[in-house]
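Trainee: This is the structure alone, sequence omitted:
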C-alpha cells in the first residue's frame, strides 16, 4: 500500500468541502461521534440534510463564515491506498495557503460548478497547479444535479478546459462529472449519468499511478545532522544523517560534498540497526564515508558523476506570501533543504496576472503575487531545476526581521 | 545487507525522522514531550532511528499531573533506564502547591487543563525553544489545521489565523527570543498507522492499552477508572469490567472502553471496525465544538 497526497481547489461555492466530506462519508471514514457533532451543528443544507462541509472547516472563524481559510489535512484509507487530503481555500486572498497545500501534493482536484464552467478562479487554480509541477489533475465538474446531469454541459466544459490545459502544459487531466451533494460519481458510480464511461473519483484516485518516475534520478542527500557519539567504543564514529531527496546511493559510490567540492567514497549506509547496500529517494538514513572530509549541516552529498547546478544567481518563480511587500533593497534568508544563506532579489523580471495569465513588468510585489525574479545568494547553491526535482529545486524566503516565511521559490534557470 | 520495499509506513517513518533531525539541526534547546502514551512512545522509537548510536539531542519532558495510571509511570521509568536519556518531570502538583493554578472542583474535576501552566513554566525554566509532541492531525479538527512546525508566542499561544506557510519539506524554525516552536513529527499519521507501526516495530506499550479487568464507574455515558483521583459520590456505582484505554492521559479525563482486545492484532482489528474516534473518549474535548482550538490558543500541547 502506498500514499496518495492530493489537494482540492475550487471557488468559494463550488462545494469543495462538501466533496471531501462526501468522500469521507461514503468511504465510512467518519466516526459516530464526529457525525453526531455535525448532526448537532446549526448549519444544515437547504433540504435539512447534514452539511458535510463542517467536517473540514476546523476553525471557529471558518464555521462562522462558512468558508475555508487555512489548509485542513484529512486522512482516509481504502484497501488500495492511504490518502492525505489537503483541503485548501479557494479565495484569492488565501492563495498562499493554497500554495502551501499544493506544494506536497501529487495530484490536484480542481472543481468547477457545472452551471458556471471554467471561470477566472479555475484559471488561477490551474495556473498554480502548473507552477507547482503537479503531474495529475482531475477536473471535477460538480453540481451536475443542477444541470439535469447533462452530457452536453459536461462536454462543453471539458472542451473549454482542454484549451487551458494545453496552454498551461498540464500533463495529465482526467474529467469526471460529479455531484458532491448527492454523491454521484464520488465513491459510487452514478446511475444518473450512464453516458459517462469513466471511473468514479475514488476509483480513479485508488488507481492513478503515482510513481516518482518523472523525478530526477540524480543522487542527492542534504546533510541534516552529524552523528558523533564520542564514546570510548565509538570514538571514531562519524555518520552523516539526512534524507535522500532524489536518486539512489550505493555503497562504493564516488560522491562529492557541496559546496566545498571535496570528494570521497560511501563506505557504509546505515538505518538504525541495519546496514543497507543502497538507499533511494525518500529514505532517511546515515551515510559513512571512507575518508575524513569536513562536512556539516547544510552541505549536500551528491553522486560525483551527476553534479547539480551551482550558482549564486538563479532565475526563479516566486510566490510572495507576506502582507509586507517584497523589498529589493533588503537581505532575506533563503532556506534550501537544510541550507540557509542570505539572499537578495536582484531583479523582478515580470509578474503574472494569475487570473488572465498575462505577464507584465512590476514595480511592486505584494501578498499573493507570483512572477519571475533573479535571486542572488551569498553562498553558492547546489541545486537542480524544479522541473527535474521538486525537492532540490525549491526554497523558501524568510524575513529575518519577523522570521516569517515570506516567499516560496522554484528554480527555473541560471541567470 | 538488505534493500527494502518502501511502503506507506516507511514513508511516514522517513518523514518523521527527517522532521526530528530538522529540530536537532535548527534549535539550541529542544525537548521531547513524553506522556507515556502510544504516540509519544512512537516518537521515542523514531528518535532512536534518527540519532542512534548517538545520544538524543534533547531530553524527554514529562508533564506529570500526579493523577497517573501507575502502569504508565512504571513504563516511563523502565524506558528511560533502557534508553539512558535524560528525563525532566514538570509537576502539576508543584504548580498547585505554588498557588499558580487552582484545582478544579466538582464531580468532573480534572487536572488536564492545569497541565498547560506547568508545561509553560517548564518550557520557561529550561528555556526550551522547541517542544516535540505526538499530536496527529487526524485526532481533532483544530489539529487538522496545525503546521508541523507550529510557532507559539511568549505566552505559549497558538494563533491559527497567522500560521506561517509551510512548503514542501522545508521547515522554518526561526523564532524570536522567548517564543518556542511545537513540532509534530507524526502529524500525518492516523491512529491506525501508529498501531500498525507499533506492531511492525514490536514496541512495548503500557499494559493499560490492552484488555484487563478494572473497577470502573459510568459518568456521562463514559467508563472512568474508579480511582481516588476521580471525585466519586454515592450515586456512582462501581462495577468490575473488562476494559482497555485507547488514549492515555490523566486518570480523571481518560475514559476506558469495554474490550476483549488483548493482543495488538485484536486492537488493530477493533480500531479498524470502530465507529467512535479516539478522542471520543476524552472528556476534555466534549466541552464545546471549539474546545481543542481554544486550549491550543492558550498554550496546550
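Mentor: Perfect, thanks for sending it. These numbers were taken from a predicted model, which means no experiment stands behind them.
Trainee: rest of the way, CA atoms for contacts and neighbours
Mentor: Noted.
Trainee: Quick check: the gap between residue B:97 and chain A.
Mentor: Distance, residue B:97 to chain A, using Cα to the nearest Cα, to the nearest Å: 35 Å.
Trainee: Compute the number of surrounding residues for that residue.
Mentor: Using other Cα atoms under 10 Å in any protein chain shown, the number of residues around residue B:97 comes to 12.
Trainee: Give me the longest helix you can find in the chain.
Mentor: Defaulting to chain A. When chain A is parsed with DSSP state H, its longest helix is helix A:151-167.
Trainee: Chain B was what I was after
Mentor: Looking across chain B with DSSP H, the single longest helix is helix B:8-26.
Trainee: What's the local residue count around residue A:231?
Mentor: Neighbour count of residue A:231, defined by other Cα under 10 Å: 11.
Trainee: Check whether it sits in a helix, strand or coil.
Mentor: The three-state label given to residue A:231 by DSSP: H, G, I helix; E, B strand; the rest coil is coil.
Trainee: Skipping adjacent residues, who's closest to the closest residue to chain B within the stretch 201-350 of chain A in space?
Mentor: For the stretch 201-350 of chain A and chain B, the shortest gap (Cα to the nearest Cα) falls at residue A:229, measuring 4.2 Å. Spatial nearest neighbour of residue A:229, chain neighbours left out: residue B:54 (4.2 Å); criterion: Cα to Cα, 6 or more residues apart in numbering or on different chains.
Trainee: ok, the one you found - contacts?
Mentor: The contact partners of residue B:54, by Cα atoms under 8 Å, 6 or more residues apart in numbering or on different chains, come to A:227, A:228, A:229, A:230.
Trainee: Try it again at 6 Å.
Mentor: A:227, A:228, A:229 (Cα atoms under 6 Å, 6 or more residues apart in numbering or on different chains).
Trainee: One more: residue A:137?
Mentor: Residue A:137 is in contact with A:107, A:108, A:109, A:173, counting by Cα under 6 Å, 6+ apart.
Trainee: what's around the last one, how many residues?
Mentor: The reference is to residue A:173. Neighbours of residue A:173 under the rule other Cα under 10 Å: 17.
Trainee: Equivalent analysis for the third one, please.
Mentor: Using other Cα under 10 Å, residue A:109 has 23 other residues around it.
Trainee: Then the first one?
Mentor: For residue A:107, the neighbour count with other Cα under 10 Å is 24.
Trainee: With the second one instead?
Mentor: The criterion is other Cα under 10 Å. On that basis, residue A:108 has 24 neighbouring residues.
Trainee: And it, how far from residue A:87?
Mentor: Remark: distance between residue A:108 and residue A:87 (Cα to Cα, to the nearest Å) = 11 Å.
Trainee: Common neighbours of the two, please.
Mentor: A:7, A:8.
Trainee: Can you point out the buried residues in stretch B:151-160?
Mentor: Neighbour counts over stretch B:151-160 (16 or more other Cα atoms under 10 Å in any protein chain shown) mark B:151, B:152, B:153, B:156, B:157, B:158, B:159, B:160 as buried.
Trainee: Out of these, flag the one nearest to chain A.
Mentor: Among those, residue B:160 lies closest to chain A (Cα to the nearest Cα), at 7.8 Å.
Trainee: for the closest one, phi and psi?
Mentor: phi -60, psi -20 (degrees, to the nearest 10).
Trainee: Beta-bridge partners for residue A:280, please?
Mentor: When assigned by DSSP bridges, residue A:280 has beta-bridge partners residue A:248.
Trainee: That one: how many residues sit nearby?
Mentor: Neighbours around residue A:280, by other Cα under 10 Å: 21.
Trainee: go on, residue A:209?
Mentor: Other residues near residue A:209 come to 11 when the count uses other Cα under 10 Å.
Trainee: Assess the claim that residue B:63 and residue B:90 are in contact.
Mentor: Yes. Between residue B:63 and residue B:90 there is a contact at 4.7 Å, judged by Cα atoms under 6 Å.
Trainee: And these two? Which one has more around it.
Mentor: residue B:90 (21 against 18).
Trainee: Tell me which residues touch the more buried one, please.
Mentor: Going by Cα under 6 Å, 6+ apart, residue B:90 touches B:63, B:64, B:122.
Trainee: Report pLDDT for the last one.
Mentor: Going back to what we said before, that points to residue B:122. Residue B:122 is assigned 90 on the pLDDT scale.
Trainee: Ok, the second one next?
Mentor: Note on residue B:64: pLDDT of 86.
Trainee: Setting aside sequence neighbours, what's the nearest residue to it?
Mentor: Distances taken as Cα to Cα, 6+ apart put residue B:91 closest to residue B:64, at 5.0 Å, once the chain neighbours are dropped.
Trainee: Quick check: phi and psi on that neighbour?
Mentor: Taking degrees, to the nearest 10, you get phi -100, psi 120 for the backbone angles of residue B:91.
Trainee: now residue A:351, what's its secondary structure?
Mentor: Quick answer, by three-state DSSP: residue A:351 is strand.
Trainee: Quick check, it in contact with residue A:371.
Mentor: Yes. Counting by Cα under 6 Å, residue A:351 touches residue A:371, with 4.0 Å between them.
Trainee: Just the terminal-to-terminal distance for stretch B:252-261.
Mentor: End to end - Cα to Cα - stretch B:252-261 spans 23 Å.
Trainee: One more: stretch A:169-187?
Mentor: End-to-end distance for stretch A:169-187: 29 Å, by Cα to Cα.
Trainee: got it, and stretch B:137-153?
Mentor: Note: stretch B:137-153 ends 21 Å apart using Cα to Cα.
Trainee: what's the offset of it from the middle of its chain?
Mentor: Distance, stretch centre to chain centre, for stretch B:137-153: 13 Å (Cα atoms, centre = their mean, to the nearest Å).
Trainee: what does it contact?
Mentor: Under Cα under 6 Å, 6+ apart, the answer for stretch B:137-153 is A:58, A:71-73, B:158, B:179-184, B:187, B:190, B:293.
Trainee: quick one on the thing from earlier: ok, the contacts of residue B:54 vs residue A:29, which is closest?
Mentor: Using Cα to Cα, residue A:227 comes nearest to residue A:29 of those, at 41.3 Å.
Trainee: if I read this right, the closest one contacts residue A:239, doesn't it?
Mentor: Yes. Using Cα under 6 Å, residue A:227 is in contact with residue A:239, at 5.0 Å.
Trainee: Who has more neighbours out of those two?
Mentor: Using other Cα under 10 Å, the more surrounded residue of residue A:227 and residue A:239 is residue A:239, with 24 against 20.
Trainee: for the more buried one, phi and psi?
Mentor: Per degrees, to the nearest 10, the backbone of residue A:239 is at phi -120, psi 140.
Trainee: wait, isn't it in contact with residue A:288?
Mentor: Yes. Look at residue A:239 against residue A:288 with Cα under 6 Å: they come within range, at 5.1 Å.
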